[in-house]
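> sharing a model prediction with you, sequence too.
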Amino acid sequence: MLPLSQDQLAAFAAVVKAGSFTRAAGELHLSQPALSRRIAGLEDHLAVTLLVRGPAGPTLTDAGRRVLGFVHAQRALEDELLGELRPSHRALRGEVRVAGPSSIVPGMILPALAGLLRDHPSVQLEIRTAGADLLPGMLSRGAADFIVTDLASDRDDVVSVAVGHEEMVMIESLGGGPTDVYLDANAADRTTAWFFAEQPARARPRRWRRSFLHNEAGILLGVELGLGRAVKPRQTVPATAPVRVLPAFRPVRKPFYLQHRSQRFYGRLHHTVADLLATAIRAGLRAALARHR
């Protein structure tokens, strides 16, 4: 078998990352037919289907996930080699993409990686916040190298490390507000429903409505303005905020996991980031729980 084409592999990886043939073609400065020909050529060369087109965009097959892992391992190996050949052999280089909930990303993930970025200017960082429903897909299609999620994974191609718990509480405005309206990020956000399911039957409201305010900061502001109640991670509620924790609802702890894809080779950058994230998130969640004991 002839060697794999780097142009075809790059085209495949670009489609997976962009989630769209059209966007990937634009990023690679190719026409869409030219991009499609490269993907088709790679599939013909390997005699497998890598991507299945659908209304929501291309979906990776099992073979596609294996090839994506190869592409990431190849890039990690190249970054490590280039770093070792630089004047400072300790220098790290490469791209790191991390995604997680808005309750974790600003306060724990960014501070954990700040020192690494200052010491290794050739490292490029991309951090995103996303809902729990989107995070596994981002990891699976290669849009993120690491995710922090409250959803455990039983997939063989995902490494999942427990990093601690958040304590979830129900809050309302000190100025009052509707007691039957509960604020979530969006229609897919099941936080409020999950919290009620964990409560004793007597504490669950018989009838309730929802409004949606995008993220943790928006939800907190909505509660402060008296738009409704909300379930919030305790560490995201400032002591000075004009809200109160409702004692009628039992606090509930939610586990969190640091996850990344399982592949044969990861460079020093990946291992360094994994250690930094796990250590910082464990410490941050532990400290948040200790403050409220």
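Now that the structure is in, tell me what you want to look at. As the structure is a prediction and not an experimental result, all values here were calculated from the model.
> tell me the confidence at A280?
On pLDDT, A280 comes in at 95.
> assign it to helix, strand or coil.
With DSSP: H, G, I helix; E, B strand; the rest coil as the basis, A280 sits in helix.
> hmm, it is touching A112, no?
Yes: contact criterion CB atoms under 8 Å: A280 and A112 qualify, at 3.3 Å. Backbone N, C-alpha and C define where each C-beta goes, glycine included.
> where does pLDDT dip in this structure?
Counting by pLDDT under 70, the chain shows low-confidence ranges at 1, 86-90, 264, 292-293.
> okay, now the domains of it?
1-68, 165-253 (automatic domain parsing).
> who wins for proximity to R261 among those?
Nearest of the domains of the chain to R261, taken as CB to CB: domain 1-68 at 8.1 Å.
> next one: the closest one to chain centre, how far?
Between the centre of domain 1-68 and the centre of its chain there are 23 Å (CA atoms, centre = their mean, to the nearest Å).
> can you check stretch 230-247 too?
The mean C-alpha position of stretch 230-247 is separated from the chain mean by 24 Å, CA atoms, centre = their mean.
> from here on, call the first residue 13.
Taking 13 as the first residue, the last one we looked at is stretch 242-259.
> three-state assignment of V83?
Applying three-state DSSP: V83 is helix.
> so who does it touch?
21, 24-25 (CB atoms under 8 Å, 6 or more residues apart in numbering).
> now the residues you listed in JSON lines, with distance to L63 and secondary structure?
Below are those laid out as JSON lines (distance: CB to CB, whole Å; DSSP: H, G, I helix; E, B strand; the rest coil):
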{"residue": "L21", "distance to L63": "13", "secondary structure": "helix"}
{"residue": "F24", "distance to L63": "8", "secondary structure": "helix"}
{"residue": "A25", "distance to L63": "11", "secondary structure": "helix"}
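> can you put the residues you listed in a markdown table and add distance to F207?
Below are these laid out as a markdown table (distance: CB to CB, whole Å):
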| residue | distance to F207 |
| --- | --- |
| L21 | 45 |
| F24 | 41 |
| A25 | 39 |
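> out of those, grab the one that's most surrounded.
Among the contacts of V83, F24 has the most neighbours (other CB atoms under 10 Å), with 26 neighbours.
> how about the strands in the stretch 113-262 of the chain?
Counting by DSSP state E, counting those that start in this stretch, one finds strands in the stretch 113-262 of the chain at the ranges 135-141, 158-161, 170-185, 193-196, 221-224, 241-245, 255-257.
> let's have the ones you listed in CSV, adding distance to L54.
Formatted as CSV, those follow (distance: least, CB to CB, whole Å):
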stretch, distance to L54
strand 135-141, 25
strand 158-161, 27
strand 170-185, 24
strand 193-196, 41
strand 221-224, 41
strand 241-245, 43
strand 255-257, 54
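> same list, the ones you listed, but as CSV with mean neighbour count and distance to L94 please.
Putting the strands of the stretch 113-262 of the chain into CSV (neighbours: other CB atoms under 10 Å; distance: least, CB to CB, whole Å) gives the following:
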stretch, mean neighbour count, distance to L94
strand 135-141, 16, 12
strand 158-161, 25, 22
strand 170-185, 19, 25
strand 193-196, 22, 45
strand 221-224, 13, 45
strand 241-245, 24, 40
strand 255-257, 16, 50
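> right, and those - which one's nearest L288?
Closest to L288 of these, according to CB to CB: strand 158-161, at 10.3 Å.
> give me the contact list for that closest one.
Strand 158-161 has contacts (CB under 8 Å, 6+ apart) with 108-113, 116-117, 121, 144, 147-148, 150-151, 175, 268-272, 285-286, 289, 293.
> narrow the residues you listed to those in helices?
Counted as lying in helices by DSSP state H, out of these, are 147-148, 150-151, 285-286, 289, 293.
> what's the most distant pair in these?
P148 and V285 (19.2 Å).
> ok, these two, which is more surrounded?
Neighbour count, other CB under 10 Å: between P148 and V285, V285 has more, with 23 against 17.
> the more buried one touches L125, doesn't it?
Yes: between V285 and L125 there is a contact under CB under 8 Å: 6.8 Å.
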